[in-house]
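Trainee: everything below, folded, please.
(one chain, ligands or ions: 1)
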Amino acid sequence: MMSNMIKQITEKITERLPEKVKLAKVEFEGPEVVIYTKNPEIIKDNGNIIRELAKDTRKRIIIRSDKSVLTPPTETIEKIEEIVPSDAEITDISFDDVTCEVIIESKKPGLVIGKYGTTSREIVKQTGWAPKILRTPPINSETIRKIRLTLRKNSKERKEFLQKLGKRIHREALFDNDWVRLTSLGGFREVGRSCLFLQTPNSKVLLDCGVNVAGVDDKTAFPFLNVPEFNLNDLDAVILTHAHLDHSGFIPYLYHYGYEGPVYCTTPTRDVTTLLQQDHLDISHREDKPLPFNIKDVKEALNKTITLDYGEVTDISPDIRLTLHNAGHIVGSAMAHLHIGDGKHNFVYTGDFKNEKSRLLEPSVSRFPRIESMVMESTYGGHEDVTPTRNTAEKELIKSIYSTLNGGGKVLIPVFAVGRAQEIMIVLEEYINHGILKDVPVYIDGMIWEATAIHTAHPEFLSKDLRDQIFHIGKNPFTSEVFKKVTNNEQRQKLIDSKEPCIILSTSGMLTGGNSVEYFKNLCEDSNNSIIFVGYQSEGSLGRRIQKGFDEIPLETNGVTELYNVNLKVVTVDGFGGHSDRKQLMEYVRKLSPKPDKILVCHGDAYKALDLASSIYRSYKIETKTPMNLETTRLQ
Ligand SMILES: [Zn+2]
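Mentor: Below you'll find the predicted structure:
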């Protein structure tokens, strides 16, 4: 059945290509059409042909060389070094025999690509190898290094997987697209374990598959995958909006129980997800609370991940096209737009989103080609959820730090490793470099460093201001000398014992474990020091107790509980969050273009979700619904 479609596409390609082009074969690899040819240089020189072909076939088209025309590797490396200017700072060149790609890692990938792609085309022309150009992050990231290595090692299996998937995606649609249904499997009228199951007559797709890290047992921690209509073998795709564990944490479980299909997300989401999933497994081992999957499943998910850029339209099943759009929540976060049944129905799932520009990211996208139905988050959807603007928040933060440093004290900022930490780092770097804050060391402890390194590998996903600063002025705030990496206890003890004022960023953000608790123990009795909360502190966490102003707190060290006197200043600064507040959520619906016929509200405590849903209905006359977990809603 698929041979039909590939035959039609091959015919179209043969029609369009110059006569001298020798086609070796045309095949599907996942959602893409790959053309193997003995003279790739001719196609590469005719960029418009490929663009027209892509438009005509509505497919993404990749050109690769037939094995017979490849230059031997050593010669290829020499040629690449000749062709690419030395200021591209190539750090590694390796070869993938399966895909006939030469993988070039460079500190300035733009120079390997060249103006309008001229340099990379020259590489194809002279060597036959198709260059795959990757950025060497300015801060070394172990996660990215391991991910790239794993993918390279698994190239053969991955190609087989993509070929099989290509057939599945391009199978014949058997039924009329006369309905779309959405089942809420988790994260409705609650925050945590987000999981949406979307069905059409022809396909079944999962959007997010998270865990509730605060869940007490399997019934509250994991999504309801045991509903009768959900079957791993029928699943066409998993779409992941962003890396946070409440959206990504249960994906390895799907592979553990036999899912063989793809996960679609952006590249930063893939990288941060891998980091967080590994960390989740590590913590669960340490705390002796085993998860129902293991590290093999995390790797399997990685091997089956297909990354997409914002705005890239991709077939994921016979009747669904997926496009990801910036959500402004954390690096790589996306809203998912599904174009179903040749446009009969268009669906948007917002995931978590921030409808305000931050230091790190652009605000979420609010214009879509079409929308009939939408699922939106409501974390801060209650009437009372009004947070100060970024600007006010920054001023508050700087004021508190300023007074502590002037008094000779140390500042502890407990943060979550991804997003908030980088946001605060950019602010600190700017104020220190402008001389407003004292030039004190900013210690970066634990996973924050690794998460920051991943950010530096994907500058194209950061805000325009930040990109301009990095690319045009050549000043990357993350690589600034004010930041000092802390990796071991000796370094920790040294900075605690030192009399010098400093700023410490450490995980976990709610002091539920990690080094932030150790710092707190050492800093809390001195009234010159301060702790500044920049994120949500959940009920029952140590962070919340400190925030509430407890004078004495019992804490355990190596099995012995001691009473600590809390004398340090406790400050809370709101407004750095990655979510839209109530006003921004309402404003988002007002801005939305076009307006959907129906909005389902998710990802918020029941009363907040209901409050937001009824306000949207009253203000905009859009039908709203706040489904419970396990409810199915007909969208079309
Ligand atoms: Zn999130």
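Trainee: contacts and neighbour counts: CA atoms only from here.
Mentor: Fine.
Trainee: tell me where the stretch 51-200 of the chain has strands.
Mentor: 60-65, 90-96, 101-106, 130-135, 181-186, 195-199 (DSSP state E, counting those that start in this stretch).
Trainee: mind giving me JSON lines with the ones you listed and columns for distance to D385 and mean pLDDT?
Mentor: Below are the strands of the stretch 51-200 of the chain laid out as JSON lines (distance: least, Cα to Cα, whole Å; pLDDT from 0 to 100):
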{"stretch": "strand 60-65", "distance to D385": "43", "mean pLDDT": "88"}
{"stretch": "strand 90-96", "distance to D385": "48", "mean pLDDT": "95"}
{"stretch": "strand 101-106", "distance to D385": "45", "mean pLDDT": "96"}
{"stretch": "strand 130-135", "distance to D385": "40", "mean pLDDT": "95"}
{"stretch": "strand 181-186", "distance to D385": "23", "mean pLDDT": "98"}
{"stretch": "strand 195-199", "distance to D385": "24", "mean pLDDT": "98"}
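Trainee: how about those strands in CSV, adding distance to R367 and mean neighbour count?
Mentor: Compiled in CSV, these are given as follows (distance: least, Cα to Cα, whole Å; neighbours: other Cα atoms under 10 Å):
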stretch, distance to R367, mean neighbour count
strand 60-65, 23, 20
strand 90-96, 39, 16
strand 101-106, 35, 21
strand 130-135, 30, 21
strand 181-186, 23, 23
strand 195-199, 22, 24
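Trainee: contacting residues around L276?
Mentor: If you count contacts by Cα atoms under 8 Å, 6 or more residues apart in numbering, L276 has them with A243, H244, L245.
Trainee: how about it, secondary structure?
Mentor: In three-state terms, and counting by DSSP: H, G, I helix; E, B strand; the rest coil, L276 is helix.
Trainee: show the pLDDT at it.
Mentor: L276 carries a pLDDT score of 96 in this model.
Trainee: so it versus H247, what's the distance?
Mentor: Between L276 and H247 the computed distance is 11 Å (Cα to Cα, to the nearest Å).
Trainee: L111 against E89, yeah?
Mentor: No - applying Cα atoms under 8 Å, one finds L111 not in contact with E89, separated by 9.0 Å.
Trainee: per-residue pLDDT, the residue nearest to the spatial centre of the chain?
Mentor: The centroid of the chain falls nearest to T269 when counting by Cα atoms, centre = their mean (2.3 Å). pLDDT for T269: 98.
Trainee: need the distance between the two termini of stretch 619-633.
Mentor: 23 Å.
Trainee: what residues sit buried inside it?
Mentor: Across stretch 619-633, burial judged by 16 or more other Cα atoms under 10 Å covers I622, E623, T624, K625, T626, P627, M628, N629, L630, T632.
Trainee: do a quick rundown of the strands in the stretch 301-450 of the chain.
Mentor: Using DSSP E, counting those that start in this stretch, strands in the stretch 301-450 of the chain cover 305-307, 314-317, 320-326, 334-340, 345-349, 373-377, 411-414, 442-445.
Trainee: so which of the contacts of L276 is the closest to V348?
Mentor: Using Cα to Cα, A243 is the member of these that lies nearest V348, at 18.4 Å.
Trainee: about what we covered before: L111 and E89 - which one has more neighbours?
Mentor: More neighbours surround L111 than the other of L111 and E89, with 20 against 16 (other Cα atoms under 10 Å).
Trainee: least trustworthy helix or strand in the protein by mean pLDDT?
Mentor: Across the helices and strands of the chain, mean confidence by mean pLDDT, DSSP states H and E is lowest for helix 40-45: a mean of 72.
Trainee: who are the packing partners of that helix?
Mentor: Judged by 3 or more Cα pairs under 8 Å, 6 or more residues apart in numbering; DSSP states H and E, helix 40-45 is in contact with strand 60-65, helix 118-127.
Trainee: change it to 10 Å
Mentor: On a contact count with 3 or more Cα pairs under 10 Å, 6 or more residues apart in numbering; DSSP states H and E, helix 40-45 meets helix 47-57, strand 60-65, helix 118-127, strand 130-135.
Trainee: circling back: how about the buried residues of stretch 619-633 in CSV, adding pLDDT and secondary structure?
Mentor: Listed next are the buried residues of stretch 619-633 as CSV, based on pLDDT from 0 to 100; DSSP: H, G, I helix; E, B strand; the rest coil:
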residue, pLDDT, secondary structure
I622, 98, coil
E623, 98, strand
T624, 98, strand
K625, 98, strand
T626, 98, coil
P627, 98, coil
M628, 98, coil
N629, 97, coil
L630, 98, coil
T632, 98, strand
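Trainee: how about JSON lines for those, with distance to R158 added?
Mentor: JSON lines is the format used below for these (distance: Cα to Cα, whole Å):
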{"residue": "I622", "distance to R158": "44"}
{"residue": "E623", "distance to R158": "44"}
{"residue": "T624", "distance to R158": "42"}
{"residue": "K625", "distance to R158": "41"}
{"residue": "T626", "distance to R158": "40"}
{"residue": "P627", "distance to R158": "38"}
{"residue": "M628", "distance to R158": "38"}
{"residue": "N629", "distance to R158": "35"}
{"residue": "L630", "distance to R158": "34"}
{"residue": "T632", "distance to R158": "35"}
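Trainee: which among these gets closest to F197?
Mentor: For the buried residues of stretch 619-633, the nearest to F197 is T632 (9.0 Å; Cα to Cα).
Trainee: which residue, other than its chain neighbours, is closest to the closest one?
Mentor: Closest residue to T632 apart from its sequence neighbours, by Cα to Cα, 6 or more residues apart in numbering: T183 at 4.1 Å.
Trainee: one step back: which one of the contacts of L276 is nearest to P477?
Mentor: A243 (22.9 Å).
Trainee: nearest residue to that closest one in space, please, no chain neighbours.
Mentor: Nearest non-adjacent residue to A243, counting by Cα to Cα, 6+ apart: T273, 4.5 Å away.
Trainee: right, so of the strands of the stretch 51-200 of the chain, which gets closest to D597?
Mentor: Closest among the strands of the stretch 51-200 of the chain, once you apply Cα to Cα, is strand 181-186, at 14.9 Å.
Trainee: the closest one pairs with which strands, parallel or anti?
Mentor: Applying DSSP bridges to the sheet, strand 181-186 is found paired with strand 195-199 (antiparallel), strand 632-634 (antiparallel).
Trainee: could you redo those as a markdown table and give each row distance to K548?
Mentor: Formatted as a markdown table, these follow (distance: least, Cα to Cα, whole Å):
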| stretch | distance to K548 |
| --- | --- |
| strand 195-199 | 33 |
| strand 632-634 | 41 |
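Trainee: which of the helices or strands spans I616?
Mentor: helix 606-620 (DSSP states H and E).
Trainee: what do you get for Y564?
Mentor: strand 560-565.
Trainee: next one: that strand to chain centre, how far?
Mentor: 39 Å (Cα atoms, centre = their mean, to the nearest Å).
Trainee: quick check: buried residues in that strand?
Mentor: In strand 560-565, residues buried by neighbour count (16+ other Cα under 10 Å) are Y564.
Trainee: ok so, going back, farthest pair within the buried residues of stretch 619-633?
Mentor: I622 and L630, at 23.3 Å, using Cα to Cα across those.
Trainee: could you give the bridge partners of A334?
Mentor: Going by DSSP bridges, A334 forms beta bridges with N326.
Trainee: below-threshold pLDDT in the stretch 251-400 of the chain: ranges please.
Mentor: By pLDDT under 70, the stretch 251-400 of the chain contains no weakly predicted segment.
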